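K.L.:
the sequence and its predicted three-dimensional model are supplied below.
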Amino acid sequence: LSLEERLAGYVVEGSKEGLAADLDEALGKYAPLEVINGPLMSGMEEVGRLFNGNELIVAEVLQSAEVMKAAVAQLEPHMEVNESAVKGKIMLATVKGDVHDIGKNLVEIILSNNGYKIINLGIKVPPEQIIEAYRSEKPDAIGLSGLLVKSAQQMVLTAQDLRTAGIDAPILVGGAALTRKFTKTRIAPEYEGVVLYAKDAMDGLDIANKLTD
Ligand code: B1M
């Protein structure tokens, strides 16, 4: 197997044996984010496909998630750090009812490596908690992540609750079940401030940079 196939394989198999050495080798060829967005993500996509086809159970997907997290942790210190002054403060949360946090945590890494102070509220965060944290932290933007179809709907509810609470800071949304169109037609109309869709973590950084420029 090629290096790329082996890297995807660790995620699919949920096995860490040999992972560290292969990641070191990959760092000689690729930037850390290319390793994540390339072979590791294609492994995750395969896991999603297998899980969808009932060929994997949740416990196995959880092991794949562990491998992904370990890989990201090993790659993180090699990522480019932009030593600029603090550009802004961004709050991140996986919405109520959703436990998926690998994407959100990747967004945290990318933003904090590029001058942002991050308040990470974790997973399954209800709107009340986001509102409370917003009032005490006063971030420049609120980032919402969610991977389930019902999480897209939860973002609509969250936006409504934020508006009712009088909050109009920019909202950045991302996650697999979401689209730019859903963001524009379903979430944005429910909110006073701007609502922007990011397709991945780098896109999230570009948007944050535009917002704080
Ligand atoms: Co779940 N899961 N899962 N899962 N899981 C999906 C999402 C699913 C598509 C799999 C499938 O069926 N094919 C499916 C959703 C179906 C749907 O609603 N349409 C699914 C399901 C059904 C479930 C459960 C319901 C299963 C069950 O219990 N029966 C359950 C849900 C529990 C809950 O949330 N209440 C569940 C549980 C789990 C695990 C716990 C086992 C594990 C998560 C572990 C963890 O996160 N700590 C897990 C995993 C790993 C997945 C898949 C396989 C991979 C997700 C992932 O980490 N991808 C996923 C299938 C898939 O996506 N291929 C699946 C890698 C990550 C880097 O990508 O998070 O998309 P992603 O982030 C991207 C972009 O989306 C974007 O940037 C990142 C890349 O740079 N992004 C943002 C994300 N958030 C952003 C925020 C931003 C900006 C960009 O700004 C704020």
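P.N.:
Ah, there it is.
K.L.:
so which elements touch whichever strand or helix holds residue 207?
P.N.:
Following DSSP states H and E, one finds residue 207 within helix 201-212. Contact partners of helix 201-212 among helices and strands, from 3 or more Cβ pairs under 8 Å, 6 or more residues apart in numbering; DSSP states H and E: strand 88-94, helix 102-112, strand 141-145, strand 171-174. In short, each C-beta sits where N, CA and C put it, glycine included.
K.L.:
can the second one be said to contact the ligand?
P.N.:
Yes. Applying Cβ under 6 Å from any ligand atom, one finds helix 102-112 in contact with the ligand at 102-104, 106-107.
K.L.:
same check on stretch 19-37?
P.N.:
No. Stretch 19-37 lies out of reach of the ligand by Cβ under 6 Å from any ligand atom, never closer than 6.7 Å.
K.L.:
so residue 75 touches residue 30, yeah?
P.N.:
No. Residue 75 lies out of contact with residue 30 (Cβ atoms under 8 Å); the separation is 9.7 Å.
K.L.:
tell me where this protein has helices.
P.N.:
Counting by DSSP state H, one finds helices in the chain at the ranges 3-13, 19-29, 32-35, 41-52, 58-75, 102-112, 127-137, 149-164, 180-182, 201-212.
K.L.:
winner for burial among the helices and strands packed on helix 201-212?
P.N.:
strand 141-145 (a mean of 28; mean count of other Cβ atoms under 10 Å).
K.L.:
what strands flank it, and is each parallel or antiparallel?
P.N.:
According to DSSP bridges, strand 141-145 has the following sheet partners: strand 88-94 (parallel), strand 171-174 (parallel).
K.L.:
I'd like to know the average pLDDT value across that strand.
P.N.:
Throughout strand 141-145, pLDDT has a mean value of 98.
K.L.:
what about dumping the CA coordinates of that strand to CSV?
P.N.:
Output in CSV follows, covering the C-alpha atoms of strand 141-145 (Å, rounded to 0.1, in the frame of the first residue of the first chain):
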residue,chain,number,x,y,z
ALA,A,141,-18.3,36.1,16.2
ILE,A,142,-20.1,32.9,17.1
GLY,A,143,-19.2,29.7,15.3
LEU,A,144,-21.7,26.9,15.2
SER,A,145,-20.8,23.4,14.0
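K.L.:
does residue 154 touch residue 145 like I think?
P.N.:
No. With contact defined as Cβ under 8 Å, residue 154 does not reach residue 145; the gap is 10.9 Å.
K.L.:
enumerate the residues of this structure near the ligand.
P.N.:
Contact residues, the chain versus the ligand (Cβ under 6 Å from any ligand atom): 44-45, 47-48, 51-52, 58, 61-62, 64-65, 92, 97-104, 106-107, 143-145, 147-149, 172, 174-177, 198, 200-201, 204.
K.L.:
follow-up on the earlier one: overlap in contacts, residue 154 and residue 145.
P.N.:
Counting by Cβ atoms under 8 Å, 6 or more residues apart in numbering, the common neighbours of residue 154 and residue 145 are 95, 98.
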